[in-house]
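Peer 1: Let's see this in three dimensions:
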Amino acid sequence: MRRSFPDLLAGGIFVLIGGLFVVGSLGYDRGTPLRMGPGYFPLLIGAVVVVLGLAIVVKGLIAADDITFGPVPWRAVLLILSAVVFFGVFVRRLGFVPTSMVTAMLATLAARRVRPLAALAVSAGLTVAATLIFVVGLQLRVPLWGW
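Peer 2: Residues are numbered from 1 along each chain as shown. Take a look at the predicted model:
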């Protein structure tokens, strides 16, 4: 029987992360489905992630494909991590719009085939969309501009 190692690994990671959410949510009041407590939603999402992870593990156990990992795209990993850290550190200092723009630019440049002008256009579009969704629609209380 051939097994798919990437599916087994990905499914195991899903089960681990979902299980951590389930365990972490047990310390909060779960409430009822009509009056959800703070632990209800993480418990539900954690359980769904565990079920999805188990489905991926089962698929990996019965898969006939022999898929191997390729090289790790370190540039993309570094740029994505940098984007997340940049947003977390600078959103209060610089404001939502410039921080979102730089974050989207870093994340877009993680792709190898993206040209700088296309990355700038995608970043601008994502910044406008994120501002409309989070600041205007959801009324997230963050400064738009840091100055």
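Peer 1: Now do the helix ranked longest in the chain: which elements does it pack against?
Peer 2: Using DSSP state H, we find that the single longest helix of the chain is helix 40-62. Judged by 3 or more C-beta pairs under 8 Å, 6 or more residues apart in numbering; DSSP states H and E, helix 40-62 is in contact with helix 5-25. Using the backbone N, CA and C atoms, a C-beta is placed for each residue, glycine as well.
Peer 1: Now tell me what touches the helix it packs on from outside.
Peer 2: With contact meaning C-beta atoms under 8 Å, 6 or more residues apart in numbering, helix 5-25 is reached by 39-40, 42-43, 45-61, 63, 67-69.
Peer 1: Type out the PyMOL command that picks the buried ones from these.
Peer 2: Buried residues within the contacts of helix 5-25, by 16 or more other C-beta atoms under 10 Å, are selected in PyMOL with:
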select buried, resi 39+40+42+43+46+49+50+53+56+57+60+63
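Peer 1: Can you name the next helix or strand after the longest helix of the chain?
Peer 2: helix 74-94 (DSSP states H and E).
Peer 1: Only the buried residues of that next one, if you could.
Peer 2: 79-80, 82-83, 86-87, 91, 94.
Peer 1: between those residues, which is nearest Gly146?
Peer 2: Gly146 has its nearest neighbour among the buried residues of helix 74-94 in Leu94, at 4.1 Å by C-beta to C-beta.
Peer 1: Contact partners for the closest one?
Peer 2: Listed by C-beta under 8 Å, 6+ apart, the contact set of Leu94 reads 145-146.
Peer 1: Going forward, count from 2.
Peer 2: Taking 2 as the first residue, the last one we looked at is Leu95.
Peer 1: Tell me how many other residues crowd Gly28.
Peer 2: Using other C-beta atoms under 10 Å, Gly28 has 9 neighbouring residues.
Peer 1: What of Pro144?
Peer 2: Pro144: 15 surrounding residues under other C-beta under 10 Å.
Peer 1: give the contact list for the closest residue to it other than its chain neighbours.
Peer 2: Residue nearest to Pro144 in three dimensions, not counting chain neighbours: Gly96, with 4.7 Å by C-beta to C-beta, 6 or more residues apart in numbering. Residues near Gly96 by C-beta under 8 Å, 6+ apart: 143-148.
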